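Visitor: need coordinates for the following:
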Amino acid sequence: MGSFPWAKQFSQNLSMECNLLWIGCSSLESRALTLFLWVSTGLQLPWASTLSNVSIEHHRSQIKNEKKEIRRKQLKEAFPFNPLMKSFLGFLQAQPADTKKYFLQWMKVFMHELSCGRLEELRRDYHEFWSENLAGKKSKKNPSGNDELLSHLDALSDEINHLSIGLEHLLREVGQIYEALEFISSETESFVKLPEIAAELMVSGYPVELMDGDASYLPLRWVGAIFDSLIERLGDKRVFVLSVLGVRSTGKSTLLNAMFGLQFNASAGRCTRGAFMQLIPVSEQLQRDLGFDFVLVVDTEGLRAIEMADKQSLNHDNELATFVIGVGNLTVINIVGENPSEMQDVLQIAVQAFLRMKKVNLSPSCLFVHQNMGEATAKEQNMEGQRRLQEKLDEMTVVAAQQEFCDVSSFSDVIGFDVNTHIHYFAHLWVGNPPVAPPNPTYSQNVQQLKSKIFQAARKESQRSILR
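Guide: Numbering: from 1, shown residues only. This next block holds a predicted model:
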């Protein structure tokens, strides 16, 4: 660190901001609450005006004024920049590319160490509190006391779930500053350069947040400005969008990392929240073969997340699946095992999302991946699993079609689906129990087979685009 004086200053600023974040006094936390208010205001539907006998136009005007005031509040809190954001943005704008890559990698490690240290403290507090107050000691005479203890444990659990801090949080802050400035029509020099910073990170191979996982908010103006900057930088290129969907902690990020050598968070305790996109350049030879210049990979948070259990989880999952399937040319639906009853929720959400795409004349495709299958799964067993999956998909399609008022009777009526070629079985990632177990070579072979199938789908998509 002695050779890089900026590292000492930045680490001090980051440590201070993290400490403030964890005690609820951080400017990042304050603007996160403001963002929740912005999202909830935007969800007020025009028909709500009928409850107060106000015209739709007047109600919309009220919402617009409220949102404008929220953006002004965001800017008031954001400017002048706190020491962390000032040093972060200043460094990314001033340093050469190689130094920035070193800085971002160092920052990723440093932030991970900060989060892990605090996480260990909270886990220790959690277990101590549990053993001292709840383990085998629930009072039948004072149930209200038990409720207070459980509330304290819930608060500790929520803090653990929201503990980790990473590059995405700083870029989320940058995006919110941009959207606030854009909303009130500010044309400052720094305003114009903000999307260029994120675009440069994407070109350098860093994932950028597409949807805020904490507020379930998609910053359309910010994301659109990033893509505009990418077009200015790279030209109007052809892009194939690959997205992934599945239950939490089923290896979605690990699969994408293994397939393309990416950097999505895949370690225990750092599950993906929201949606992230990463741009992958295609070699010249593959460009001629596939008809695409880049692959945009979209990694998403898992469905049926524990912390969303009491927060309208089903609606959240349906919205996430609709968005992910809608933006992708192809979606990999990741499932653990092949028991149809266990994957019923995921299938129902996915089928409903595909039906919605059909209603708006979009035709994405999908591949199913069954993770953690036995090493020597017999062909007859695979055929039986395929038959059961097809039956379950058709059954879910009929139910979803009634909800979406569509006249279809099978999953193949919704999208072009072949049960024999669109289902893949993956071996376990490890041979034995981690952390000492070696990687499974069969898993790598499965990944390469899936990658080949994805490239085939990209080639067909390119051919269809030419014919349109």
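
Visitor: next up, the contacts around R221.
Guide: Neighbour list for R221: 178-179, 182-183 [criterion: CB atoms under 8 Å, 6 or more residues apart in numbering]. The way it works is simple: take the backbone N, C-alpha and C, and place the C-beta from them, glycine included.

Visitor: inside helices: which ones of those residues?
Guide: 178-179, 182-183 (DSSP state H).

Visitor: all strands for the stretch 151-300 of the chain, in order.
Guide: Counting by DSSP state E, counting those that start in this stretch, the segments of the stretch 151-300 of the chain that form strands are 208-211, 239-246, 275-281, 294-300.

Visitor: what's the average pLDDT for the third one?
Guide: Predicted confidence along strand 275-281 averages 93 (mean pLDDT).

Visitor: with the longest one instead?
Guide: When pLDDT is averaged along strand 239-246, the result is 93.

Visitor: could you give the separation of stretch 257-276 from the chain centroid?
Guide: Computed by CA atoms, centre = their mean, to the nearest Å, the chain-centroid distance of stretch 257-276 equals 9 Å.

Visitor: and it, how far apart are its ends?
Guide: One end of stretch 257-276 to the other measures 13 Å (CA to CA, to the nearest Å).

Visitor: residues of stretch 247-262 that come out buried?
Guide: By neighbour count on 16 or more other CB atoms under 10 Å, the buried set for stretch 247-262 is 247-260, 262.

Visitor: of all the strands of the stretch 151-300 of the chain, which lies closest to R356?
Guide: Shortest distance between R356 and these, using CB to CB, is found for strand 239-246: 13.8 Å.

Visitor: can you name every helix or strand that the closest one contacts?
Guide: Applying 3 or more CB pairs under 8 Å, 6 or more residues apart in numbering; DSSP states H and E, we find strand 239-246 packed against helix 252-260, strand 294-300, helix 313-327, strand 330-336, helix 344-359, helix 441-467.

Visitor: how's the protein carved up into domains?
Guide: Taking the TED database as the reference, the chain has its domains at 95-163, 237-465.

Visitor: which of those has the lowest mean pLDDT?
Guide: When the domains of the chain are compared by mean pLDDT, domain 95-163 comes last with a mean of 67.

Visitor: rewinding a little: scan the contacts of R221 and report the most crowded one.
Guide: Sorting the contacts of R221 by how many neighbours each has (other CB atoms under 10 Å) puts Y178 first, at 24 neighbours.

Visitor: need the contact list for it.
Guide: Counting by CB under 8 Å, 6+ apart, Y178 touches 191, 194-195, 221-222, 225.

Visitor: pLDDT value on it, please?
Guide: For Y178, pLDDT reads 88.

Visitor: tell me the contacts of the residue nearest the centre of the chain?
Guide: By CA atoms, centre = their mean, the mean C-alpha position of the chain lies nearest to A275, the distance being 2.0 Å. Residues near A275 by CB under 8 Å, 6+ apart: 209-211, 213, 298-301, 320, 323-324.

Visitor: make TSV out of those and add distance to G416.
Guide: TSV is the format used below for the contacts of A275 (distance: CB to CB, whole Å):
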residue	distance to G416
E209	32
L210	26
M211	27
G213	31
V298	21
D299	24
T300	23
E301	28
L320	23
F323	21
V324	19
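
Visitor: which among the residues you listed end up buried?
Guide: Applying 16+ other CB under 10 Å to the contacts of A275 flags 209-211, 213, 298-301, 320, 323-324 as buried.

Visitor: distance of the nearest residue in space to L194 that is not next to it in sequence relative to E168?
Guide: Nearest non-adjacent residue to L194, counting by CB to CB, 6 or more residues apart in numbering: Y178, 4.5 Å away. Per CB to CB, to the nearest Å, Y178 is found 15 Å from E168.

Visitor: and what of V327?
Guide: Taken as CB to CB, the span from V327 to E168 is 18 Å.

Visitor: before we move on, what about A275?
Guide: Counting by CB to CB - A275 and E168 are separated by 11 Å.

Visitor: ok, R60 next?
Guide: Remark: distance between R60 and E168 (CB to CB) = 32 Å.

Visitor: give me the more crowded residue out of these two.
Guide: E168 (21 against 14).

Visitor: in terms of contact, does that one touch M277 like I think?
Guide: No. In this structure E168 lies outside contact range of M277 using CB atoms under 8 Å: 11.3 Å.
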